[in-house]
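1. Sequence and predicted model, in that order:
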Amino acid sequence: MHRTLTLSGLRLSLMIATLSAHAAGLTSEHSAFGTTSDGAPIEKYTLRNSHGMQASIITWGGVLQSLMVPDKNGKADDVVLGFDDIQGYQANPTVYFGATIGRFGNRIAGGKFSLDGKQYQVPTNDGPNSLHGGSQGFDKRVWKAEASKEKGWVGVTLTYTSPDGEMGFPGTLETHVTYSLNEKNELRIQYRATTDKPTVLNLTNHSYFNLAGAGSGDVLKQVATVYASTYTPVNSTLIPTGELAPVAGTPMDFLHPTAFGKNIHADHPQLKFAEPKQGGFDFNWVLDTKGNVGKLAAEVRDPQSGRHLQLYTTEPGVQLYTGNFLDGTVKGKAGKVYPHWGAFTLETQHYPDAPNQPNFLSTRLDPGKVYTQTTLFKFSNK
Ligand code: BGC
């Protein structure tokens, strides 16, 4: 009797120890990350769990600066492209490594749209079009940060108030972005925004993933599945034609696991628009999950390292871009260079150019309404 009691007492105290080890396993800390060219101090928040996953977020651009994920042997590597210092981010304004994109992810044709009969012109910074919110988008702003707490998650909330008319967009936009990590190796990004005038917005995260490790070569052997039966074809300036076209019979068919490299060289006009010389993916897939965050939207596996990324999102679309404009000239973290096709992005979003496309889901936000988005990147390594 005495022995049984002692044993269960021991078992109980072991359980308590494990539980508190788990709680203690989720930690966050912050440190300085240098100063911008105009003297603004930048901070870095680092979230950790007890399985070797670690995410670092900086207050410049709401950037996911590094993401350590263990491989099948337990060896952690940084799987996102980026820079070691703030100067790297400021010196490379058009790559958007890891950035929070706003006010409008992807393109707006001619930088023009109208709301309630009023015309707006936002900066054109991508040929004739506006890309990722214009030349000084959310990726180039200094965000306020605060550690966030929620049972089972450790996080950081970034806040930015974009003044009425900033980059040509109407309304004062109050934006919150929360990055959180849990013990299931899930990195979650939650967005929340409100406006004081009717406006349009399309927020996303522009992380470039390479599951074999950032700077370890191209991603052509990594295998993707995108649960999307249609995509939005584009014209030569990457503006959607307005059509939702079936992926069947095209290189955009990722309904079954397919290596990025399998059809990237295909002689298909859409691939030529995305990357005229060598081909590449840079399209918006219309997710069959239709905004159901409980359903798997896309996944990518790296056969070599065993790392596996699964994507869940409330957004109706995802821009899958294979780093077609990387050319080995950008020197990233630890001096590594990022070659052509050296990463892929999974930018969860509403469809590009939605403000000018009557058939696309609306990106309008009115005063009194709240914009929300949840996107979750889940990692495993078998
Ligand atoms: C776009 C690409 C662009 C890249 C910016 C992607 O979201 O679709 O065309 O080059 O962002 O680096």
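-> Noted; the coordinates are in hand. Numbering: from 1, shown residues only.
2. CA atoms for contacts and neighbours, from now on please.
-> Fine.
3. And the residue of the protein closest to the ligand?
-> Using CA to the nearest ligand atom, the closest approach of the chain to the ligand is made by V95 at 4.1 Å.
4. Against H132, how distant is that residue?
-> 11 Å (CA to CA, to the nearest Å).
5. higher neighbour count, these two?
-> The residue with more neighbours, out of V95 and H132 and counting by other CA atoms under 10 Å, is H132; that gives 27 against 17.
6. Now the more buried one. Nearest residue, chain neighbours left out?
-> Excluding the flanking residues, the one nearest H132 by CA to CA, 6 or more residues apart in numbering is G105, at 4.4 Å.
7. And D288, by the same measure?
-> Among residues not flanking D288 along the chain, A228 sits closest, at 4.9 Å (CA to CA, 6+ apart).
8. can you count the residues close to the one you found?
-> Based on other CA under 10 Å, the number of other residues close to A228 is 24.
9. Can you tell me how far it is from V95?
-> A228 sits 26 Å away from V95, going by CA to CA.
10. just checking, V63 touches D139?
-> Yes: counting by CA atoms under 8 Å, V63 does reach D139; the two are 7.3 Å apart.
11. out of these two, which sits in the more crowded spot?
-> Taking other CA under 10 Å, V63 and D139 do not tie; D139 has more neighbours (29 against 26).
12. What confidence value was assigned to that one?
-> pLDDT recorded at D139 is 98.
13. that older thread, next, the residue of the chain closest to the ligand: secondary structure please.
-> The three-state assignment at V95 reads coil, by DSSP: H, G, I helix; E, B strand; the rest coil.
14. Tell me the pLDDT of it.
-> 96.
15. Going forward, the N-terminal residue is numbered 241.
-> With 241 as the first residue, the last one maps to V335.
16. Could you pick out the residues of the stretch 291-440 of the chain near the ligand for me?
-> By CA under 6 Å from any ligand atom, the residues of the stretch 291-440 of the chain that approach the ligand are T334, V335, Y336, N346.
17. between those, which is closest to T397?
-> Nearest to T397 out of these is Y336 (CA to CA; 19.7 Å).
18. With adjacent residues omitted, what lies nearest to that closest one?
-> H446 (6.2 Å).
19. for the one you found, what are its contacts?
-> For H446, the contacting residues are Y336, F337, G338, A339, T340, I341, T585, L586, E587, by CA atoms under 8 Å, 6 or more residues apart in numbering.
20. Likewise for K437?
-> Counting by CA under 8 Å, 6+ apart, K437 has contacts P410, G411, T412, D606, P607.
21. Kindly state the pLDDT recorded for the last one?
-> Spelled out, it's P607. Looking at P607, its pLDDT stands at 98.
22. For it, give me its contacts.
-> Neighbouring residues of P607 by CA under 8 Å, 6+ apart: T434, T435, D436, K437, P438.
23. Those residues into a markdown table, with extra columns for pLDDT?
-> Converted to a markdown table, the contacts of P607 look like this (pLDDT from 0 to 100):
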| residue | pLDDT |
| --- | --- |
| T434 | 98 |
| T435 | 98 |
| D436 | 98 |
| K437 | 98 |
| P438 | 98 |
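24. For those residues, which single residue is the most surrounded?
-> Ranked by neighbour count under the definition other CA under 10 Å, the contacts of P607 are headed by T435 with 25 neighbours.
25. Roughly how far does it sit from A488?
-> From T435 to A488 the distance is 40 Å (CA to CA).
26. Same question for Y552.
-> Y552 is 23 Å from A488, where distance means CA to CA.
27. who has more neighbours, the two?
-> Taking other CA under 10 Å, Y552 and A488 do not tie; Y552 has more neighbours (22 against 12).
28. what's across from that one in the sheet?
-> Beta-bridge pairing of Y552 under DSSP bridges involves L616.
29. For it, which residues are in contact?
-> With CA under 8 Å, 6+ apart, Y552 has these contacts: N532, V533, G534, K535, L536, A537, A538, T615, L616, F617.
30. Name the nearest residue to the fifth one, ignoring sequence neighbours.
-> Read it as L536. Distances taken as CA to CA, 6+ apart place Y552 nearest to L536, at 5.4 Å, with adjacent residues excluded.
31. How about the first one?
-> Counting by CA to CA, 6+ apart, N532 lies nearest to T554, which is 5.5 Å off, once chain neighbours are set aside.
32. I'd like to know how far the one you found sits from N503.
-> Distance, T554 to N503, using CA to CA: 28 Å.
33. Look at these two and report which has more neighbours.
-> A count of neighbours by other CA under 10 Å puts T554 above the other of T554 and N503, at 22 against 19.
34. Now do the helices in this protein.
-> Ranges of helices in the chain, per DSSP state H, are 242-265, 326-331, 509-514.
35. residues touching the most centrally placed residue in the chain, list them.
-> In the chain, the residue lying closest to the centroid (CA atoms, centre = their mean) is N445, at 2.9 Å. Counting by CA under 8 Å, 6+ apart, N445 touches G338, A339, T340, I341, E587, T588.
36. okay, and for the stretch 391-540 of the chain, where does confidence drop off?
-> By pLDDT under 70, the stretch 391-540 of the chain contains no weakly predicted segment.
37. If we use 90, what do you get?
-> 518-519 (pLDDT under 90).
38. Strands of that one, residue ranges please.
-> 393-402, 413-422, 426-435, 439-440, 444-446, 448-449, 463-466, 470-472, 485-486, 498-499, 522-526, 538-541 (DSSP state E, counting those that start in this stretch).
39. JSON lines please, covering these and showing distance to T562.
-> What follows is the strands of the stretch 391-540 of the chain, written out as JSON lines (distance: least, CA to CA, whole Å):
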{"stretch": "strand 393-402", "distance to T562": "27"}
{"stretch": "strand 413-422", "distance to T562": "24"}
{"stretch": "strand 426-435", "distance to T562": "21"}
{"stretch": "strand 439-440", "distance to T562": "27"}
{"stretch": "strand 444-446", "distance to T562": "12"}
{"stretch": "strand 448-449", "distance to T562": "8"}
{"stretch": "strand 463-466", "distance to T562": "12"}
{"stretch": "strand 470-472", "distance to T562": "16"}
{"stretch": "strand 485-486", "distance to T562": "20"}
{"stretch": "strand 498-499", "distance to T562": "12"}
{"stretch": "strand 522-526", "distance to T562": "7"}
{"stretch": "strand 538-541", "distance to T562": "13"}
